[in-house]
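>>> Provided below are the primary sequence and the corresponding predicted coordinates.
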Amino acid sequence: MPDSRRADGPDGRTTVVVITRNRRESLLRTLDHLAALPERPPVIVVDNGSTDGTVDAVRAHPSGARLLVPGRNTGAVGRNLAVRQASTPYVAFSDDDSWWEPGSLKAAAALFDTHPRLGLLAARTVVEPDGADDRINAPLAHSPLPNRADLPGTPVLGFLGCAATVRRSAFLAAGGYHPLLFFGAEETLLAYDLTAAGWGVVYEPSLVAHHGPDPEPRPGRTVALRRNALLTAWLRRPLPVALRETAGLLAEWAHGEPDAGPALREALVRMPAAVRRRRPLPAWVEAQIGLLEKDVRGGPDR
């Protein structure tokens with residue numbers, strides 16, 4: 001049954017996890033937003049090796065956020081560390097430049113309570129300061145995957161890391177974020193693994209996360225995305241797909257595409273580990289990926 005507690009009152013079912021590195025001022029603004037939520041969620045911050053005073057600033061912040069200091073940059077795996085430390089059944093993720101709409105965490109918890117097969121909820125993301133829809137919302141909302149009677153929202157195989165809530169037990173059972181990817185489109189592999197384990201991964205636009213990204217360029221971002229797309233193929237996709245993705249990146253490198261070479265080099269360093277950890281997805285999950293890829297190739301303005 002849905003939770004009957006007031007939508008504007010405290011709620012103890014969801015912990016918010018934030019990973020950060022050298023973004024002190026942005027992180028403090030995020031903590032201000034999270035502390036003002038009516039749900040009053042516990043917050044765990046993982047510092048990925050900051051050198052700008054972030055650790056002291058978090059300890060002094062009135063939110064009372066719990067701080068984990070692994071002593072190095074753990075990348076997305078920092079989220080795994082925090083989820084293991086959480087004591088609530090559900091976990092929401094924020095980045096150090098994002099926060100949740102008041103009431104969304106309680107609404108998400110009610111959906112998890114009501115749908116026992118639900119593993120992950122991808123929220124609608126609005127970009128600040130203008131409040132415009134993030135460009136990821138449209139492809140998630142128009143996912144071609146068939147609806148499921150036992151799940152809310154729209155089934156998807158991807159999400160934005162700073163706008164998702166998870167069932168803690170499902171996240172941990174699936175292994176969380178894969179250490180080989182570090183950062184960059186690491187969400188796709190987690191969505192695959194949750195789905196393969198039988199958990200529902202859905203987009204639910206009634207839940208809202210706010211994202212205020214730094215407008216400055218992010219050096220190396222495109223390289224990381226392309227590296228991790230190739231590694232994900234080798235970790236989970238059929239061998240012909242992995243070989244096709246490799247050949248495609250090699251062809252782009254041969255034609256002088258500037259990011260292809262660095263992406264290949266970084267992927268090759270990790271390739272032996274990817275092959276050792278290779279675990280192809282079930283055929284029915286691969287069929288769902290095929291639907292999405294067909295939709296992207298044939299759909300309008302994807």
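Yep, that arrived. Numbers count the residues shown, from 1 in each chain.
>>> can you classify residue 262 by secondary structure?
helix (DSSP: H, G, I helix; E, B strand; the rest coil).
>>> next up, the contacts around it.
If you count contacts by CB atoms under 8 Å, 6 or more residues apart in numbering, residue 262 has them with 223, 227. Any C-beta I mention is one placed from the backbone N, CA and C, and that applies to glycine too.
>>> measure it to residue 249 for me?
As judged by CB to CB, to the nearest Å, residue 262 and residue 249 stand 11 Å apart.
>>> now do residue 40
Residue 40 is 47 Å from residue 249, by CB to CB.
>>> what mean pLDDT does stretch 210-227 get?
For stretch 210-227, the per-residue pLDDT values average out at 88.
>>> how far does that stretch sit from the chain's center?
14 Å (CA atoms, centre = their mean, to the nearest Å).
>>> what does it contact?
23, 26, 29, 33, 95, 97-101, 125-129, 134, 160, 162-163, 182-185, 249, 259-260, 262-264, 266-267, 270.
>>> do the same with stretch 188-199
117-120, 156-159, 167, 170-171, 173-178, 181, 201, 228-229, 232, 235-236, 281-282, 285, 288-289.
>>> narrow these to just the buried residues.
Buried members of the contacts of stretch 188-199, scored by 16 or more other CB atoms under 10 Å, are 118-120, 156-159, 167, 170-171, 174, 176-178, 181, 201, 228-229, 232, 235-236, 281, 285, 288-289.
>>> that older thread, restricted to buried residues, select the contacts of stretch 210-227 in PyMOL.
A single PyMOL command suffices to select whichever of the contacts of stretch 210-227 are buried according to 16+ other CB under 10 Å:
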select buried, resi 23+26+33+95+97+98+99+100+101+125+126+127+134+160+162+163+182+183+184+185+249+259+260+262+263+264+266+267+270
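>>> the contacts of stretch 210-227 in strands, which ones?
95, 98, 99, 100, 125, 126, 127 (DSSP state E).
>>> contact partners of stretch 131-140?
122, 124-127, 154, 156, 158-160, 163, 203, 205, 211, 296, 302.
>>> which one of the residues you listed is nearest to residue 241?
residue 296 (14.5 Å; CB to CB).
>>> look up phi and psi at the closest one.
Note on residue 296: backbone dihedrals following degrees, to the nearest 10 are phi -70, psi -40.
>>> what's the burial count for it?
Number of residues near residue 296 (other CB atoms under 10 Å) recorded here: 11.
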